[in-house]
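> Here is my input; please provide its structure:
(4 chains)
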Number of protein chains: 4
Amino acid sequence: MCRWLAYQGETVYLESILFEQEHSLIQQSLCARKSTVTVNADGFGLGWYDERKEPGLYHEILPAWSDCNLKNLAKHIKSGLFFAHVRSSTGTATNRSNCHPFGYKNWLFMHNGQIGEYESIRWQLDRLIPEYLYNERRGATDSEVIFLLMIANGLEEDPEQAIKTTLSQIFKLMKEKNIEEALRFTSVLSDGNEMIAVRYSSDESAPSLYFKQYDDHIVIGSEPLELSNKDWNKVPSGHIARIKNHSYCAMPLFDE
Amino acid sequence: MCRWLAYQGETVYLESILFEQEHSLIQQSLCARKSTVTVNADGFGLGWYDERKEPGLYHEILPAWSDCNLKNLAKHIKSGLFFAHVRSSTGTATNRSNCHPFGYKNWLFMHNGQIGEYESIRWQLDRLIPEYLYNERRGATDSEVIFLLMIANGLEEDPEQAIKTTLSQIFKLMKEKNIEEALRFTSVLSDGNEMIAVRYSSDESAPSLYFKQYDDHIVIGSEPLELSNKDWNKVPSGHIARIKNHSYCAMPLFDE
Amino acid sequence: MCRWLAYQGETVYLESILFEQEHSLIQQSLCARKSTVTVNADGFGLGWYDERKEPGLYHEILPAWSDCNLKNLAKHIKSGLFFAHVRSSTGTATNRSNCHPFGYKNWLFMHNGQIGEYESIRWQLDRLIPEYLYNERRGATDSEVIFLLMIANGLEEDPEQAIKTTLSQIFKLMKEKNIEEALRFTSVLSDGNEMIAVRYSSDESAPSLYFKQYDDHIVIGSEPLELSNKDWNKVPSGHIARIKNHSYCAMPLFDE
Amino acid sequence: MCRWLAYQGETVYLESILFEQEHSLIQQSLCARKSTVTVNADGFGLGWYDERKEPGLYHEILPAWSDCNLKNLAKHIKSGLFFAHVRSSTGTATNRSNCHPFGYKNWLFMHNGQIGEYESIRWQLDRLIPEYLYNERRGATDSEVIFLLMIANGLEEDPEQAIKTTLSQIFKLMKEKNIEEALRFTSVLSDGNEMIAVRYSSDESAPSLYFKQYDDHIVIGSEPLELSNKDWNKVPSGHIARIKNHSYCAMPLFDE
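Next up, the predicted model:
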């Protein structure tokens, strides 16, 4: 289980959100509160949008709290839409290719969750990646393959449908292998304009997801950035949230 | 606060002590039990004696739990006297030069503790290092300067006296600066034959130190390697322990 | 293009071969002589056999010349059969999962060469890896996929046949895609007893391979370890060499 | 011997200078042309000014050419005054604390050169650092101590005088120890407005320094960024250059 946050709103220095908070993501890397896994120190990453079409990406294998570069970059990089992620590996190696967020053209994706018994269907999953996308497979994580499948399933045209198709595809493979562990998927995507967040699990334990609306921005992430939950709302399990111009709108992911 | 262990006894693969224990040091790097600081992930290190006069040294900035090299080395390196250390920085950078154990000729040293308000007397401390030793100063930690001062104070001839002189020297500097934070020093030294461990603090809170005698070896370290404390004995605060041929003998460090 | 060496003979400290040579592999990482690529600094690795059934492995992303751990390990690790490799990436990322040698059970493999236009058949190549081996795919290199295909093709039973089948398989894919770049493959394998080296290219430019027989050991590698080539023999292009009890025997890889 | 460049002029993306040049600094890290040391791969660093008072800093121990983060940051960070440095260690460890540029308040400094027989006067040099600056000593390089001495000698008030005083101070220590190796110092400083570059050596071999004036910017650095030297002017040895509003003015450092 990992921790992440995504920001949309007025252009700010990243440090104001990443460091200068009561229960910042950097703090969560050392001591998460809404998870049984409290240490998220198997690498981390940033993705941010600015005037360029493709977002910036920064991945590091050190724990977020001990990377002096991160402190410096967060003091000098400004953005109105950015992602940050601290990783707790569920098995794959600690290297930069396995760090979130993942990028593709103007898209960013990051993820907290896992495909149950991933190792026993990794072969099947990788074979679903179409040839034209295959060189984008740089690491070995389940998160990266989910992202590539969403792209293959039409993310750029209809993200909501692409998410649903991909989860169904994975769930089908899991069933064929009689996998009993859950498919957990609390994630966020962006094309640079909109953020699309999902809180989903095939069982009752979807990884936590909170958001808070401020006057000029919105933050969504695994945990409230304050010790109090006040004004932090839970995204309901099984829901997809679309965030644009820092306004939030959620609906069930799958029709019941 | 860091965590460490030292082993003396029959030659074993390091993995038997470092990994194959109920509450191994690798486990302690993620979740220490006898400390308010539970995560020790700001680098780690190994030192081990074999047939060569100078011990082997291995330092890494990744958390101990995520270094695939450590798993491999621990499976293939055998030793009858070795040190291992997982670091929680009290301020200095996460780089290899700041990782324990520190080596000098045939000596190893590692440390859990700190010089109170170290930054305000670092200048004075470094100036106590004699010229002939100064190029051994590779990092910026208080631990390394303590080691160099012990060497300057005659470690190779009379380790016990060298430890006492050094602690007194530091304590004197702290007094001159009216430093109220404690001088905490739970450490172990070896020349390859004997291990000399100290549990000391200028206040009532000396960092924990336990040992256990087995048939053919002894382990001393910050925490018991089992979840139960059974057969693990505390080294009393203010004591120095000398361990040779896996027999343990402790006495007060300073005469009262 | 990378540089590598393999040693078989009397048990020695690795440093005697890796560092204490006129034109050592560490020197080759900075300044290779028998290659148009002179810098091999995109990570490196060691693999060595000792009493354990599976070999030890050490991979690092720093240049070999600047890793203080390598110096220390080479001073303390002894082996009678070991591999060392300094990498010059042909495109994939500098991370440990992409460093040679690769290990599987008691086998080691390392490689200098490349599959021409690898990126355009990576998808096809990965799909040839059988399901039972797929979780061994940790990185993204062509070298790793070649190793896994050799295992799939019976390496453990008949290494020579497995090598031939694998090269033919790859060559067939390259032909189907009309790839004109060459398939270059100068490599070595071992099961812990025997070393099997191949110098092969589909064109006239097989990467260099030399060996030298000493009284009690043999060294085979990309370059002579001395500035003079004296007593260093070239392995002929298109040949496979089998080395056991430090005796060398080479024959053509494919029947003409 | 290292390689560096400094840019002053219109605000640009760093990539336009760091990557998109015929003989870019990244290229120089692999294959320098104006130096006997051709590989500069013992870490690198960036420093850049933007709206904040203190410059941004980024240090990494990987070779510049293999750091995927550098490519990304250079694509997204814009500046009108920035420094970049690729390091070739003259002895001290490859860690971030030893990477240039060094920062202090609004100042940046980087350096190519060395204090002859530095190890034999490191003790004396560090003792010249005043107490109030001592916690800025994070690594072990001669470059960092030179920077701290310049600050102690009044860099913020009169940089030219501070440089001269510092070089004289060092030269005096070298003489006292009868050091015959040269003091070489090709460096650049900035407070965010002006760049002050020095090309100096106590012998005839000052490390190279070139500059080129463009319509809206100026670049100064160890090597021309093009394969042709056309329009690249040498800074004469023994000179100090002051660059402001992309105009260049040089004079002898010491009166003859």
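
> Where do the helices of the stretch 151-256 of chain A begin and end?
With DSSP state H, counting those that start in this stretch, the ranges of helices along the stretch 151-256 of chain A come out as A:159-176.

> pLDDT weak spots in it?
A:256 (pLDDT under 70).

> Break down it into its strands, ranges please.
Remark: strands assigned in the stretch 151-256 of chain A by DSSP state E, counting those that start in this stretch are A:183-190, A:195-201, A:210-213, A:217-221, A:233-234, A:239-244, A:247-252.

> what angle sits between the fourth one and strand A:247-252?
With axes from the mean of the first three to the mean of the last three CA atoms, to 10 degrees applied, the angle from strand A:217-221 to strand A:247-252 works out at 40 degrees.

> hang on, the earlier thing: and the strands of the stretch 151-256 of chain A as TSV, adding distance to chain D and mean neighbour count?
In short, each C-beta sits where N, CA and C put it, glycine included. Formatted as TSV, these follow (distance: least, CB to the nearest CB, whole Å; neighbours: other CB atoms under 10 Å in any protein chain shown):
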stretch	distance to chain D	mean neighbour count
strand A:183-190	16	24
strand A:195-201	19	23
strand A:210-213	26	19
strand A:217-221	20	22
strand A:233-234	32	14
strand A:239-244	23	19
strand A:247-252	27	13
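
> Show me the one of the ones you listed that comes nearest D:Arg184.
Between D:Arg184 and these, the shortest gap by CB to CB is with strand A:183-190, which sits at 49.8 Å.

> quick one: contacts for A:Lys177?
Counting by CB atoms under 8 Å, 6 or more residues apart in numbering or on different chains, A:Lys177 touches A:117, A:120-121.

> same thing but at 7 Å, please
Applying CB atoms under 7 Å, 6 or more residues apart in numbering or on different chains to A:Lys177 gives the contacts A:120-121.

> Distance-wise, check it relative to chain B.
A:Lys177 sits 27 Å away from chain B, going by CB to the nearest CB, to the nearest Å.

> For the strands of the stretch 151-256 of chain A, give me JSON lines that also has distance to chain C.
Listed next are these as JSON lines, based on distance: least, CB to the nearest CB, whole Å:
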{"stretch": "strand A:183-190", "distance to chain C": "19"}
{"stretch": "strand A:195-201", "distance to chain C": "24"}
{"stretch": "strand A:210-213", "distance to chain C": "33"}
{"stretch": "strand A:217-221", "distance to chain C": "27"}
{"stretch": "strand A:233-234", "distance to chain C": "36"}
{"stretch": "strand A:239-244", "distance to chain C": "31"}
{"stretch": "strand A:247-252", "distance to chain C": "35"}
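
> Could you point out which of these sits nearest B:Trp107?
strand A:217-221 (48.2 Å).

> ok, that closest one: who's next to it in the sheet?
Applying DSSP bridges, strand A:217-221 is found paired with strand A:3-13 (antiparallel), strand A:210-213 (antiparallel).

> nearest to B:Asn40, of the ones you listed?
For the strands paired with strand A:217-221, the distance to B:Asn40 is smallest for strand A:3-13, at 19.8 Å, taking CB to CB.

> Compute the inter-axis angle for that closest one and strand A:183-190.
With the same axes, to 10 degrees defining the directions, strand A:3-13 sits at 10 degrees from strand A:183-190.

> which parts of strand A:3-13 are buried?
Neighbour-count burial for strand A:3-13, counted by 16 or more other CB atoms under 10 Å in any protein chain shown, picks out A:3-9, A:12-13.

> how about a markdown table for the residues you listed, with pLDDT and distance to D:Glu226 added?
Output for the buried residues of strand A:3-13, formatted as a markdown table (pLDDT from 0 to 100; distance: CB to CB, whole Å):
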| residue | pLDDT | distance to D:Glu226 |
| --- | --- | --- |
| A:Arg3 | 95 | 47 |
| A:Trp4 | 97 | 44 |
| A:Leu5 | 97 | 44 |
| A:Ala6 | 98 | 43 |
| A:Tyr7 | 98 | 41 |
| A:Gln8 | 97 | 43 |
| A:Gly9 | 96 | 44 |
| A:Val12 | 98 | 39 |
| A:Tyr13 | 98 | 36 |
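
> between these, which is nearest C:Thr94?
Nearest member of the buried residues of strand A:3-13 to C:Thr94, counting by CB to CB, is A:Trp4, at 25.6 Å.

> thought that closest one was touching A:Glu223?
No: under the criterion of CB atoms under 7 Å, A:Trp4 makes no contact with A:Glu223, lying 9.5 Å away.

> which parts of chain A sit against chain D?
A:50, A:52, A:56-59, A:68-69, A:72-73, A:75-76, A:96 (CB under 7 Å from any CB of the partner chain).

> so who does the residue positioned nearest the centre of chain A touch?
Closest residue to the average C-alpha location of chain A: A:Met110 at 2.5 Å, with CA atoms, centre = their mean. A:Met110 makes contacts with A:4, A:83, A:85, A:100-101, A:187-188, as judged by CB under 7 Å, 6+ apart.

> farthest pair in the residues of chain A next to chain D?
Distance extremes for those: the farthest pair is A:Arg52 and A:Cys68 at 25.4 Å, using CB to CB.

> picking up where we left off before, considering only the residues of chain A next to chain D, which also neighbour chain B?
A:Cys68.

> What subset of the residues of chain A next to chain D is buried?
A:50, A:56-59, A:68-69, A:72-73, A:75-76, A:96.

> Of the residues you listed, which belong to strands?
Among these, the members falling in strands (DSSP state E) are A:56-59.

> Put together CSV for those, with distance to C:Asp203 on each row.
Converted to CSV, these look like this (distance: CB to CB, whole Å):
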residue, distance to C:Asp203
A:Gly56, 41
A:Leu57, 37
A:Tyr58, 40
A:His59, 37
